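Task: produce atomic coordinates for the following.
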Amino acid sequence: MGVPFEALLPYGICLAFFGITGAGLSKIRNIQNGGKRARHSVDQWDRQMMDRDRRLTGWLRGQVDRPIAPAGFEYSNGWRVEKNLH
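Numbering: from 1, shown residues only. As a prediction, this is how the structure comes out:
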């Protein structure tokens, strides 16, 4: 005795919606990263370099090959100043 296809429709619908949601989230993450794949295991150095790239290009993952920084970048210091312990 076979299984009527009406019993499998909810499973097919759920599977389709999970697939659509996964593809949509992947596309949004791709757009947020400037068309590049998402980064994993980002340490302090990577965050610092990504912050520098964001200040130079406006994108978190953008990179530039100009040897001279844009005007005003010399005053846009990304380093954090430590608070005095005294």
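
Next, the residue nearest the centre of the chain: phi, psi?
By Cα atoms, centre = their mean, the mean C-alpha position of the chain lies nearest to Asn33, the distance being 4.1 Å. Dihedral angles phi and psi of Asn33 (degrees, to the nearest 10) take the values phi -90, psi 20.

is it true that it touches Leu60?
Yes: Asn33 lies in contact with Leu60 (Cβ atoms under 8 Å); the separation is 7.1 Å. Every residue, glycine included, has its C-beta placed from N, CA and C.

After the longest helix seen in the chain, which helix or strand is next?
Taking residue count as the measure and DSSP state H as the definition, the longest helix of the chain comes out as helix 5-32. Following helix 5-32 in sequence order, the next helix or strand is helix 44-57 (DSSP states H and E).

Break the chain down into its domains, please.
Here the domain assignment for the chain is 1-32, 41-78, based on automatic domain parsing.

could those domains be laid out in a markdown table, adding mean neighbour count and mean pLDDT?
Formatted as a markdown table, the entries for the domains of the chain read as follows, by neighbours: other Cβ atoms under 10 Å; pLDDT from 0 to 100:
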| stretch | mean neighbour count | mean pLDDT |
| --- | --- | --- |
| domain 1-32 | 10 | 91 |
| domain 41-78 | 11 | 78 |
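
For Ser34, which residues are in contact?
Quick fix: residue 34 is Gly, not Ser. With contact taken as Cβ atoms under 8 Å, 6 or more residues apart in numbering, Gly34 is in contact with Trp59, Leu60, Arg61, Gly62.

what's the distance between the closest residue to Arg37 other than its chain neighbours and Ala23?
With sequence-adjacent residues excluded and distances taken as Cβ to Cβ, 6 or more residues apart in numbering, Arg37 is closest to Asn30, at 7.3 Å. When Cβ to Cβ, to the nearest Å is applied, the distance between Asn30 and Ala23 equals 10 Å.
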